[in-house]
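*Asks:* could you look at this predicted model? Sequence included:
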Amino acid sequence: MNRSFHTNLLDNSHCQDIIKIILPIQQIEFSVPITLEDQPDLLDIEGNYINGGGGFWGSFDGDKLVGTIALINAGDGVGAIRKMFVLKEYRGKEYGIAQQLLDTLLQYCKENNIPRVCLGTVGQLQAAQRFYEKNGFSKITAEELPAHFPRMKPDHIFYEIRLETTVPTAH
């Protein structure tokens, strides 16, 4: 396979493409009871992710968006992973898209002094849970989340990873 995928920071001009990936995966593929109305953040990527010191990245096959991952900078050195979705036909190690997206987000966290990254997920997403564990995330309880962690209503399984950041601390 000689296909080349690239990952870019997304902005509000990508909202409709992002929604076309995320909603069918949530609602149809995994039967998660969530609607676009439950996720108004998808209609303002810049306001909900980028302007607060986070990011929203997409993986492209040519000019087709095939995967997403987002980071909310929750403050106090905590980041929240959101919207990690890859189209079914682009999943798996042969493409490496999920890995590329996660690596991009974690590198951003290291460079921007966000040493603790947490996420929530649902029981149906077992492959995602294995993926996070393989990448060094540890399962934690809801009580172990930072008090200011922005929880999503359907999430009931939580993970965290602690990173070494590259930003020097002030002396």
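*Replies:* Perfect, thanks for sending it. Everything numeric in this text was worked out from a predicted model, so none of it was measured. Residues are numbered from 1 along each chain as shown.
*Asks:* the longest strand along the chain: partners in the sheet, and parallel or antiparallel?
*Replies:* Of all the segments of type strand in the chain, defined by DSSP state E, the longest one is strand 64-75. According to DSSP bridges, strand 64-75 forms sheet pairs with strand 55-61 (antiparallel), strand 78-86 (antiparallel).
*Asks:* residues contacting the longest one, please?
*Replies:* Same thing as strand 78-86. The contact list for strand 78-86 (Cβ atoms under 8 Å, 6 or more residues apart in numbering) reads 18, 21-22, 25-26, 41-42, 49, 54, 56, 59, 66-74, 97-98, 101-102, 105, 109, 114, 116-119, 128, 146, 148-150, 152. The C-beta positions use only the backbone N, C-alpha and C, and glycine is treated the same way.
*Asks:* make a PyMOL selection of whichever of those turn out to be buried.
*Replies:* Buried residues within those, by 16 or more other Cβ atoms under 10 Å, are selected in PyMOL with:
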select buried, resi 18+21+22+25+26+41+42+49+54+56+59+66+67+68+69+70+71+72+73+74+97+98+101+102+105+109+114+116+117+118+119+128+149+152
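*Asks:* in helices, which of the contacts of strand 78-86 appear?
*Replies:* In helices, judged by DSSP state H, the following of these are found: 18, 21-22, 97-98, 101-102, 105, 109, 128.
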